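Trainee: With the input below, show me the fold.
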Amino acid sequence: TGYDRETVRLGLTSYVKTFRRPQLLRFLAEDFSNPGMLDGFQPAVKGGLVRAQGPALLLHVWAGNVPALPLWSLVSGLLVKAGTVGKLASAEPLTAGWFARLIAEADPELGECLAVTWWKGGAGGPEAVFLGQADCVMAYGGNDTLAALRAKVPITTRFLPHGHRIGFAMVAREALDSRRAGPLAQLAAHDIVRYEQQGCYAPQMLFVERGGPVAPDEFARHLAHALAALASRHPRRRLDPGEASAIAAWRSGYEMRALDGGATLLG
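Mentor: Residues are numbered from 1 along each chain as shown. Predicted coordinates for the structure are as follows:
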């Protein structure tokens with residue numbers, strides 16, 4: 001990945017914790033007043049019964065420049081019981097396949113609903129088949145990539161594009177007291193430096209509300225101290241040209257082996 005081992009360990013550890021059962025149930029409850037409606041008909045507040053139905057086939061077209069970025073998309077599809085096909089991103093072709101294999105080992109029946117594969121974007125063959133058969137296409141990438149995909153998706157298929165985003169953070173004055181300002185600045189610092197701001201969840205801008213016991217400029221000093229501490233513990237490391245070439249060759253070989261093997265890592 002080009003990131004140091006500790007950066008990846010800390011990032012993946014906190015990220016994967018969000019896929020535990022209590023966290024996923026809270027996530028579902030935000031969209032479904034009664035998540036049981038995904039399993040069967042449930043009484044509705046206004047009377048009658050209601051049931052939620054996910055797409056029979058959900059195609060994910062992933063992009064990624066940080067490890068494991070596609071996992072939320074993959075998990076969300078499985079939560080609504082969608083048959084799932086995920087197209088790997090050449091920038092990060094590994095974690096989604098590993099994660100899918102672990103799901104299949106833990107629950108073989110769930111593994112039968114899931115395939116992770118790779119093809120060259122814009123090519124015919126599997127891309128045309130999946131785009132034609134999917135009930136919903138969830139795509140990530142730049143404007144040109146998303147526009148090209150949209151043009152190939154049938155008008156009857158739901159298309160959910162996710163383009164480039166810039167993240168920002170907000171600190172409300174209610175959180176700015178002398179007891180919480182320091183720990184909050186440490187949390188903000190972790191978000192800011194996460195994967196060297198290459199993911200949209202790492203804020204490029206931080207808004208601090210006036211009117212709290214701790215003024216914005218004082219909070220900024222807390223934040224600067226926390227950022228300096230992180231920089232000393234985890235100095236940035238850039239790959240030299242030889243390392244970068246070796247990683248690129250290894251990644252390309254991995255993708256081609258997957259393609260030669262039928263491209264499906266899970267099915």
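Trainee: Around residue 153, how many other residues sit close by?
Mentor: 18 (other Cβ atoms under 10 Å). (Glycine included, C-beta is placed from N, CA and C.)
Trainee: now residue 212
Mentor: By other Cβ under 10 Å, 20 other residues sit near residue 212.
Trainee: Quick check: it vs residue 55, distance?
Mentor: Separation of residue 212 from residue 55 (Cβ to Cβ, to the nearest Å): 45 Å.
Trainee: Spell out which residues make up each domain of the chain.
Mentor: Domain segmentation of the chain under the TED database yields 5-162, 168-236.
Trainee: Reformat those as JSON lines; add mean pLDDT.
Mentor: What follows is the domains of the chain, written out as JSON lines (pLDDT from 0 to 100):
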{"stretch": "domain 5-162", "mean pLDDT": "90"}
{"stretch": "domain 168-236", "mean pLDDT": "88"}
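Trainee: how far does stretch 39-57 stretch from start to finish?
Mentor: By Cα to Cα, to the nearest Å, the extent of stretch 39-57 from end to end equals 17 Å.
Trainee: which residues are in contact with that stretch?
Mentor: Residues outside stretch 39-57 that contact it (Cβ atoms under 8 Å, 6 or more residues apart in numbering): 32-34, 36-38, 77, 80-85, 133-136, 158.
Trainee: now with 7 Å?
Mentor: By Cβ atoms under 7 Å, 6 or more residues apart in numbering, the residues outside stretch 39-57 that reach it are 32, 34, 36-38, 80-83, 85, 133-136.
Trainee: From those, keep the buried residues only.
Mentor: Neighbour counting with 16 or more other Cβ atoms under 10 Å marks 32, 37, 38, 80, 81, 82, 83, 85, 134, 136 as buried within these.
Trainee: contacting residues around the last one?
Mentor: Meaning residue 136. Residues near residue 136 by Cβ under 7 Å, 6+ apart: 55, 58, 157, 158, 160.
Trainee: What distance do you get for the fourth one to residue 217?
Mentor: In other words, residue 158. When Cβ to Cβ is the yardstick, residue 158 and residue 217 sit 47 Å from each other.
Trainee: Looking at the two, which has the bigger crowd around it?
Mentor: Between residue 158 and residue 217, counting by other Cβ under 10 Å, residue 158 is the more crowded of the two (12 against 8).
Trainee: is the more buried one in a bridge, and if so with what?
Mentor: Residue 158 has these beta-bridge partners by DSSP bridges: residue 136.
Trainee: What are the boundaries of the strands in the stretch 151-267 of the chain?
Mentor: Assigned by DSSP state E, counting those that start in this stretch, the strands in the stretch 151-267 of the chain fall at 158-162, 168-171, 205-208.
Trainee: cool, the stretch 1-150 of the chain as well?
Mentor: Counting by DSSP E, counting those that start in this stretch, the stretch 1-150 of the chain has strands at residues 42-43, 49-50, 57-61, 83-87, 114-117, 136-140.
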